[in-house]
Structure formats: structure tokens, C-alpha cells
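K.L.:
please work out how this folds:
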Amino acid sequence: MPITDEEVKEVMRDVMAIVDDKNNLAKVEQEKEALGHDLALVMKAVTKNATDLLLARIPNYGFPATLKGVLNFLDELNRPSLRNDESLSAGRLKLMALLMP
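P.N.:
Sure, this is the predicted structure:
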């Protein structure tokens, strides 16, 4: 399903509301602590949790409720027409930091 630049921005605002939620961030940090910062375990657990957070919103915008849907959404953020959008750039960095601890 084609999605406009404005729709990509709308999805990002919605996703950032979840990512920026202090309760969600605290859960991610607690998980890191519980796993002893073992990089392999942290990446596996945190990536799954971060993906689950995204899956709570992106299907509302036509993306599949799968890892492929998350990857499709992330790919949309890299459109040439959106590369210079500062709010999206900041959001991309937050998402990548969350998905790739």
C-alpha cells in the first residue's frame, strides 16, 4: 500500500509516543540490567521488545503486524524526500538505538 510522506510522519509521531513513554523505556532498561548487559542476550530481548512496541502501532497504518512490517516502516523513513526532515532524523536515531542496543 503506498503511503505519503505526511503519512510516514504521522506514523513516526505515533510510534515516538510509544518509544518515548517512560514506562516503556524503563522496561527496556530493566531488561538490560536483568540480562547483565550480555550483548547477545540484550540484542535478542530488546530487539523483540522494541519490535513489539512498533507492532502496537504500525498495523494501524497498513503495515503488516510482522517483522517485515517493521522493516518496511523503517525503510519508508529512508525515503530521499524525507532524509532532510529533522524530526524524522531524530526519530530514526531513537528507533535505531532502541532496535540495535
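
K.L.:
show the contacting residues for Leu98.
P.N.:
By CB atoms under 8 Å, 6 or more residues apart in numbering, the residues touching Leu98 are Val19, Val28, Val46, Ala50, Leu53. C-beta: built from backbone N, CA, C; applies to glycine.

K.L.:
what count of nearby residues applies to Asn84?
P.N.:
When neighbours are defined as other CB atoms under 10 Å, Asn84 has 8 of them.

K.L.:
same thing with Val70?
P.N.:
The local packing of Val70 (other CB under 10 Å) involves 23 other residues.

K.L.:
Tyr61 versus that one, what's the distance?
P.N.:
From Val70 over to Tyr61 the distance is 12 Å, taken as CB to CB, to the nearest Å.

K.L.:
any low-confidence regions in the chain?
P.N.:
Along the chain, the model assigns pLDDT under 70 to residues 1, 37, 101.

K.L.:
which SS class is the residue sitting furthest away from the middle of it?
P.N.:
Ranked by distance from the centre of the chain (CA atoms, centre = their mean), the top residue is Gly36, with 23.3 Å. What DSSP: H, G, I helix; E, B strand; the rest coil gives for Gly36 is coil.

K.L.:
distance of Ser81 from Met12?
P.N.:
In terms of CB to CB, Ser81 sits 14 Å off from Met12.

K.L.:
with Thr66 instead?
P.N.:
Thr66 sits 19 Å away from Met12, going by CB to CB.

K.L.:
more neighbours: the two, which one.
P.N.:
Met12 (24 against 13).

K.L.:
that one contacts Gly91, correct?
P.N.:
Yes: using CB atoms under 8 Å, Met12 is in contact with Gly91, at 4.9 Å.

K.L.:
any common contacting residues for those two?
P.N.:
What both Met12 and Gly91 touch, as defined by CB under 8 Å, 6+ apart, is the set Leu77.

K.L.:
next one: stretch 12-19 to chain centre, how far?
P.N.:
8 Å (CA atoms, centre = their mean, to the nearest Å).

K.L.:
can you give the contact residues for that stretch?
P.N.:
Applying CB under 8 Å, 6+ apart, the contact partners of stretch 12-19 are 24-25, 53-54, 56-58, 60-61, 73, 77, 87-88, 91, 94-95, 98.
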